[in-house]
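Chemist: model this:
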Amino acid sequence: MTIPTGPPTDSVNNVDRTLLASYGDYLSAQRAVDYLSDQKFPVEHTTIIGTDLRLVEQVIGRMTFGKAAAAGAGSGAWFGLFFGLLLGLFTDNSFGGWIALILTAVVIGAVWGAVFALVAHSLTGGQRDFASRSSLAAGRYDVLVSTAYHNEAQRVLEGLR
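Modeler: Numbers count the residues shown, from 1 in each chain. As a prediction, the model looks like this:
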């Protein structure tokens with residue numbers, strides 16, 4: 001945690017807020033606001049702002065034709081289930097006919113999902129043969145508080161240290 005040296009304000013939201021503390025990770029900033037809340041401080045006057053944002057892409061594996069087909073089949077099966085349930089609402093089949101309708105929709109959805117995924121994967125031409133997850137991360141998390149509550153928040157936050 002860093003104690004602020006000057007009075008920067010929250011110009012993003014046009015609210016009169018002053019920097020209370022800066023943290024290197026979100027959990028520490030969250031812990032500070034949670035502590036303020038536990039001490040009955042009116043936390044609706046606080047804001048957590050992440051700065052120095054960067055995109056983090058975690059590579060989770062190689063994308064093969066088999067994995068592409070399996071992922072497409074799974075997505076297609078979910079779509080088929082949804083479509084089958086929706087279609088089933090408007091039919092007056094027996095229970096067995098209703099189940100057959102839903103299973104047929106799931107199978108057709110899985111097949112078409114796999115086909116579309118295989119076509120999409122083959123069209124990449126090997127340019128992106130991996131799967132990944134993307135997220136945003138901040139380099140610093142600032143806890144700001146309404147200027148009118150700044151002194152009280154500083155006093156309360158002293159108990160956390």
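Chemist: Tell me which stretches of the chain form helices.
Modeler: Along the chain, counting by DSSP state H, helices occupy 26-38, 65-89, 95-123, 150-157.
Chemist: what about the closest residue to residue 39 other than its chain neighbours, distance to residue 41?
Modeler: Among residues not flanking residue 39 along the chain, residue 156 sits closest, at 4.9 Å (CB to CB, 6 or more residues apart in numbering). Using the backbone N, CA and C atoms, a C-beta is placed for each residue, glycine as well. Going from residue 156 to residue 41 by CB to CB, to the nearest Å gives 5 Å.
Chemist: Repeat that for residue 91.
Modeler: Distance, residue 91 to residue 41, by CB to CB: 58 Å.
Chemist: which one of those two has more residues nearby?
Modeler: Legend: neighbour count by other CB atoms under 10 Å for residue 91 and residue 41, higher for residue 41 (19 against 9).
Chemist: one step back: would you turn the helices of the chain into TSV with distance to residue 57, mean pLDDT and mean neighbour count?
Modeler: Below are the helices of the chain laid out as TSV (distance: least, CB to CB, whole Å; pLDDT from 0 to 100; neighbours: other CB atoms under 10 Å):
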stretch	distance to residue 57	mean pLDDT	mean neighbour count
helix 26-38	19	95	16
helix 65-89	18	93	16
helix 95-123	19	92	15
helix 150-157	35	93	17
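Chemist: Make TSV out of the ones you listed and add distance to residue 143.
Modeler: Formatted as TSV, these follow (distance: least, CB to CB, whole Å):
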stretch	distance to residue 143
helix 26-38	5
helix 65-89	40
helix 95-123	44
helix 150-157	8
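Chemist: who wins for proximity to residue 137 among those?
Modeler: helix 26-38 (8.6 Å; CB to CB).
Chemist: so what secondary structure elements neighbour the closest one?
Modeler: Applying 3 or more CB pairs under 8 Å, 6 or more residues apart in numbering; DSSP states H and E, we find helix 26-38 packed against strand 15-23, strand 46-51, strand 140-146, helix 150-157.
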